[in-house]
Each structure stands twice: as C-alpha cells, then as structure tokens.
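Asks: predicted coordinates and the sequence they were generated for:
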Amino acid sequence: MKTQLTFFCELQAAELKKLFEDRFVFDDLKTLNAGISLGILDLSPERANVVRKLNRLEIPVTAWLLLPEEQGYWFNLGNYAEASARYLAFRAWSEENQLEWAAVGLDIESDINEMKRFSDERGAVIQKAIKRLRDTKAYRVAKKAYEALVTQIHADGYLVESYHFPLIMDDREAGSTVLQRVAGLVEIAVDREVLMLYSSFFRPHGHSVLWSYAQNAQAIGIGNTGGGVQAGALEKVPYLTWDEFATDLRLARRSGKPIYVFSLEGCVKQGFLPRLVTFDWQAEVELPKTALVSAGRNGLKGLMWAIERPLVVLAGLAGVIGTVLMIKSHGKSKKTGKQ
C-alpha cells in the first residue's frame, strides 16, 4: 500500500529560505514522493522562490492560507471577510509569479488572540464564546461566506483542503454546531478534510485519540515534531520523540488514509526526515485501546445534541414530569375511591 505523505511547513520568509538551501531536504522529499502544505505567512519574493524550486522538482505544493496574527491568524467564524481578501491577494501573487499549486488549504481554528489571552482574561474570552453560541445567525452567515470562497477557489481551478481539530467530527455526528459556535469554527464541504490528530496534544492518551478518530477521517494529521506558533497552552506541549512519531506514522498508515505531518522543519531539526527514507512502514504496531476515548466522545456528543435542541429536551422533560404527575394523580384517585 502506497503511503501518501504531505508535510506542513510554517516558517517566516528568512527561515523558509534557509531551510530550502539544504539540497538534501529536496532529495528526501523526492525520495519519499511527498508533498508540502506551505503556510502562506506572507506574499514575499523569498516564498515565491521556494515555491518555484518545488515546482521545478515536481514536488506538489498546497497553499496553506494564513492571516496576520492581528486578524486571527487561522480562518474562523469572525474573519471570513479577511479570509476572502487574503485569497484574492494570494491569487494575484501566484499569477504574477507564475506559481503552481496542487491545492489550497483552509485552516479553520479558533482566533489565535483569544488563545493567547485565555489564561489572563479567561472571563472575557468565555463571555465572547457564550455570545457566539447564542448567535446562530452569525454562524450561518459565516458558513455561507466560506462556502462562497470554496466555490471561487474551485472556479479558479484548485482543489480545496480544510484542516480541523478532531472535535469537529463529534459536533457533526451530533447534528450540532455547538462546538463550532463556541470555538469560532466553521465546517465547510471541501475536497479533503484533514483532522489534526496530534498525539503530542493529548498525552498520555494521544495514540488512543488518533486511532479513535482515524477510522472515519478522510486524512490524518500527526504531530507535533517541532515548530508552529506558540499560543496559550500549546507553549508547554513537548514535541514528539522519534518513537512516538514512528507509532503515529504506523497507526495512520494502518488506517489507509493520506498522512499529513506537522512539521517539515521539525522533522529536519530532529533528524527525522532522512530516517523516513528508510522507515519500516510494515513493522508491527500495537493498536491502542479506545474505550475511554469513545466514552468521552459519546458523552460530549450527547451534551452537544442536547444544547443544540433545548426545546426538544425541555419538551421531553415536561413529558416525563407530566407522566410522573399523572401516575401519582391516578394513584391518589384509586386510594380515594377505595375509601
């Protein structure tokens, strides 16, 4: 079974240029038949030059669209106008520099500024989340805007990927948008949805979380091997060791889904990239137990289902109370009749 491998790369222009000055990086990517999902942090000449090199070597490159941090960095429920403008600027830059892209990636995550403020301004951030939860209209407007953006990207000839944390799947299975509204996320139909199943974020149950979601995922993101933005609790998360990384790779391959690795720069720094060239994908891997994770997911889905349908829950509760009162009343009537 051929392994489809893509590396996320999220570097500022100067660091990106330096990374790709190493010809062995290109050699390893070619040997692995791997692609790159390149974070578009800017529209600089340095970034364009790297893309042109990758294009010449026929290494597939996906444009992973990002915003300035003051605009939220990742795409979310509140910055769809900025996301659309970013795409148009990216398209003009790509045409000007004659850049070729395998796809366009939309990273749907919470506002990075809220994540950074959470520890110091927890109350304000929670209040904002509650306000989003109540505002179903704002969610519908944002969803339509992102759907229009996907339509436009398709019309321009690109495939579209989305990058989501796994709880989006539980929200969907619950027939809910509760989690999305609270966290500022938006689910959209794309050509490929990549779940960011980063076991480093879920220690000591990281492998179990990965395996629990992998079965129904379209594509699997594993990590973090190093790099990325530092925001909130993410600042204290240790990077994957080689053994952890190898287990994640084998589990992901066992699922038969395309694999996305965060990140290329982390793999290069830790010496993982050349080790992948001779990696034994066929080696046995112990399948993690998922009962605990499944129980937690089912409980979360039940909660989101109930929050999404408060009137149904209230009607059901009223029905139960009414039934209990009726039974009690019937019992009293029988006692009275006997007397």
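Replies: Received, thanks.
Asks: list the residues that contact F75.
Replies: By CB atoms under 8 Å, 6 or more residues apart in numbering, F75 lies in contact with 65, 67, 83, 106-109, 146, 186. Where C-beta positions appear, they are placed from N, C-alpha and C, glycine not excepted.
Asks: and those, which are buried?
Replies: Burial by neighbour count, 16 or more other CB atoms under 10 Å: within those this picks out 65, 67, 83, 106-109, 146, 186.
Asks: sitting in helices, which of those do you find?
Replies: Judged by DSSP state H, the buried ones among the contacts of F75 include 83, 146 as members of helices.
Asks: reformat the buried ones among the contacts of F75 as TSV; add pLDDT and distance to K30.
Replies: What follows is the buried ones among the contacts of F75, written out as TSV (pLDDT from 0 to 100; distance: CB to CB, whole Å):
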residue	pLDDT	distance to K30
L65	98	25
L67	98	31
A83	98	33
L106	98	27
D107	97	26
I108	96	31
E109	95	31
Y146	98	34
V186	96	36
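Asks: can you get me the start-to-end distance on stretch 256-275?
Replies: Terminal residues of stretch 256-275 are spaced 21 Å apart (CA to CA, to the nearest Å).
Asks: quick check: W242 touching P274?
Replies: No - using CB atoms under 8 Å, W242 makes no contact with P274, being 11.9 Å away.
Asks: would it be right to say that E46 lies in a helix?
Replies: Yes - checked against DSSP: H, G, I helix; E, B strand; the rest coil, E46 lies within a helix.
Asks: give the burial count for it, as a bare number.
Replies: The number of residues packed near E46 is 16, by other CB atoms under 10 Å.
Asks: next: F245.
Replies: 25.
Asks: which ones are touching it?
Replies: F245 sits in contact with 222, 225, 272, where contact means CB under 8 Å, 6+ apart.
Asks: top of the residues you listed by neighbour count?
Replies: Of all the contacts of F245, the highest neighbour tally under other CB under 10 Å goes to T225, namely 29 neighbours.
Asks: what strand or helix carries that one?
Replies: For T225, there is no helix or strand it lies in under DSSP states H and E.
Asks: the residue nearest to it when sequence neighbours are not counted: which element?
Replies: Computed as CB to CB, 6 or more residues apart in numbering, the closest residue to T225 that is not its neighbour in sequence is G266, at 3.4 Å. Following DSSP H and E, one finds G266 within helix 264-269.
Asks: any chance you could map the helices in the stretch 51-200 of the chain?
Replies: 80-97, 112-117, 122-134, 136-155, 167-173, 178-183 (DSSP state H, counting those that start in this stretch).
Asks: where does this protein have low pLDDT?
Replies: The model of the chain has pLDDT under 70 over residues 1-2, 231-235, 310-339.
Asks: so M169 makes contact with A214?
Replies: No - using CB under 8 Å, M169 makes no contact with A214, being 10.8 Å away.
Asks: on that earlier part again, now the contacts of F75 in a markdown table, with distance to D280?
Replies: Converted to a markdown table, these look like this (distance: CB to CB, whole Å):
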| residue | distance to D280 |
| --- | --- |
| L65 | 35 |
| L67 | 40 |
| A83 | 41 |
| L106 | 34 |
| D107 | 32 |
| I108 | 35 |
| E109 | 34 |
| Y146 | 41 |
| V186 | 40 |
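Asks: restricted to strands, list those residues.
Replies: 65, 106-107 (DSSP state E).
Asks: between the contacts of F75, which is nearest S200?
Replies: Nearest to S200 among the contacts of F75, counting by CB to CB, is E109 at 16.2 Å.
Asks: now the closest one. Nearest residue, chain neighbours left out?
Replies: Leaving aside its sequence neighbours, E109 sits nearest to W74 (CB to CB, 6+ apart; 3.7 Å).
Asks: shouldn't the one you found be in contact with L65?
Replies: No - W74 is beyond contact range of L65, at 9.4 Å (criterion: CB under 8 Å).
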